[in-house]
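> fold the stuff below for me.
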Amino acid sequence: MTSRIRNAYDIRVEEGVLTPDPAQESVITALERLEVDLAKRGLFGKAPEVRGIYLYGPPGRGKSMLMDLFYSATPEPRKTRAHFHAFMARIHDLVKQWREGDAKARKAVFGTHKGDDPIPPIAKLIASEARLLCFDELQVTDIADAMILGRLFEALFEDRVVLAITSNRAPEDLYKNGINRQLFLPFIDIIRERCVVVETAGARDWRLDRMTSAQVWHTPDDRAAFEALWRELKGGEPEEPAHLTVLGRNVVVERTVGSMARATFNDLCAKPLGPQDYLAIAQRFHTLFLEDVPILSSANHHEARRLVTLVDALYEAKTKLIVLAAAEPEALYTEGVGVFEFERTVSRFNEMQSKDWLAHVRD
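Purely as a prediction, here's the structure:
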């Protein structure tokens, strides 16, 4: 009998939505095993221990797409799919609720629990909501996340929660060179013990294949091409907001698909965002679609300055940039404060359109 995930994959290949990729076979096989294990029932109705899956490899190898197929196909009724950053933002919010609440408030949210440690009751709450947790784009750069993950995941596993995770990094490369990394190492051991680790590095980067031959700077007459490229690269995956924690603030990028984001000029440059915000965005996404960039002048030189800072962050992070603008780069900002500085941004815009730039695979 064909598994649900295999059937879903084969249908999309037959429809021409996906191109067969032998390098993804090991991933499909691992997901099939997980599908079978999730369907098993333990003694006396207790859920058996099931090893999850950790998919890792460079961007564009289809990790998020395969995770979406698995999530949609699995019959497990208690399941949740979330971007890892959004999940951790919720965890930190729950920790705050626990610490600030009195006994009555804690009981209302978490039920009855002894002690003052927030991790066990939070894990119980998550486990009551979902047996299967699917995380997309796990990456750890924040020390607050690093310090909490090991204990949190250990508690989740104790409650028989099963994890399906995608990441650009192998488990042992997570939080590399981070502060107090030795305290994070038990989390890596837990992942290795409780998940089957599958690398997708050999898979074809279909997004990169498409990007290197695509037009990436668009003017208003080219809006249809801009929209078509977005649709093609997201491959039918659902859009969702991403929440980034920057210096204790919540920065929201409303339209994201995996490691791709789409935003308007006003979203990113008309708001009081700064270098740290742009750096977080650049590090979080390997591709940014930026639309509705106007012709700039002295009347909006603050917005122009933010655009310069944004492009600097994207450039340093090797983030790919697809733009829909009112004019070509050289004509965007020809008079006003910072025109001379903007010439460097024009140069970067042009370099970021080159095949060499677009062919670069970011870590």
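
> now do the phi/psi pair for Val251.
As for Val251, its main-chain torsions (degrees, to the nearest 10) stand at phi -100, psi 120.

> give me the distance between it and Glu239.
17 Å (Cβ to Cβ, to the nearest Å). For the C-beta atoms, the positions are set from N, CA and C on the backbone; glycine is no exception.

> what residue ranges in this protein are flagged as low confidence?
When residues are selected by pLDDT under 70, those of the chain lie in 1, 16-18, 41-48, 59-60, 201-213, 361-363.

> and it, what are its domains?
Using automatic domain parsing, the domain parsing of the chain gives 4-199, 206-359.

> just put those domains in a markdown table and tack on mean neighbour count.
Output for the domains of the chain, formatted as a markdown table (neighbours: other Cβ atoms under 10 Å):
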| stretch | mean neighbour count |
| --- | --- |
| domain 4-199 | 17 |
| domain 206-359 | 17 |
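
> secondary structure element holding Glu254?
Element membership of Glu254, judged by DSSP states H and E, is strand 249-257.

> mind listing residues that contact that strand?
64, 83, 89, 234, 237-245, 261-263, 267, 273, 277, 280-281, 284-285 (Cβ atoms under 8 Å, 6 or more residues apart in numbering).

> please flag which of those sit within strands.
Counting by DSSP state E, the contacts of strand 249-257 place 83, 240-245, 261-263 in strands.

> out of the residues you listed, give me the two with the largest separation.
Distance extremes for the ones in strands among the contacts of strand 249-257: the farthest pair is Thr245 and Arg262 at 20.7 Å, using Cβ to Cβ.

> where do the helices of the stretch 1-150 of the chain begin and end?
Along the stretch 1-150 of the chain, counting by DSSP state H, counting those that start in this stretch, helices occupy 4-14, 25-39, 63-73, 84-100, 103-110, 119-129, 143-158.

> hey, C-alpha coordinates of stretch 116-136 in PDB?
Provided in PDB are the C-alpha atoms of stretch 116-136 (Å, rounded to 0.1, in the frame of the first residue of the first chain):
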ATOM      1  CA  ASP A 116       8.200  27.600  40.000                       C
ATOM      2  CA  ASP A 117       9.900  26.300  36.900                       C
ATOM      3  CA  PRO A 118       7.900  27.400  33.800                       C
ATOM      4  CA  ILE A 119       9.300  24.700  31.400                       C
ATOM      5  CA  PRO A 120       7.400  21.600  32.500                       C
ATOM      6  CA  PRO A 121       4.000  23.300  32.500                       C
ATOM      7  CA  ILE A 122       4.700  25.000  29.100                       C
ATOM      8  CA  ALA A 123       5.700  21.600  27.600                       C
ATOM      9  CA  LYS A 124       2.500  20.000  29.000                       C
ATOM     10  CA  LEU A 125       0.500  22.800  27.400                       C
ATOM     11  CA  ILE A 126       2.200  22.300  24.000                       C
ATOM     12  CA  ALA A 127       1.800  18.600  24.300                       C
ATOM     13  CA  SER A 128      -1.900  18.900  25.000                       C
ATOM     14  CA  GLU A 129      -2.300  20.900  21.800                       C
ATOM     15  CA  ALA A 130      -0.300  18.700  19.400                       C
ATOM     16  CA  ARG A 131       1.300  15.300  19.200                       C
ATOM     17  CA  LEU A 132       3.200  16.200  16.000                       C
ATOM     18  CA  LEU A 133       5.100  19.500  15.800                       C
ATOM     19  CA  CYS A 134       6.500  20.500  12.400                       C
ATOM     20  CA  PHE A 135       9.100  23.200  12.600                       C
ATOM     21  CA  ASP A 136      10.400  25.000   9.500                       C
END
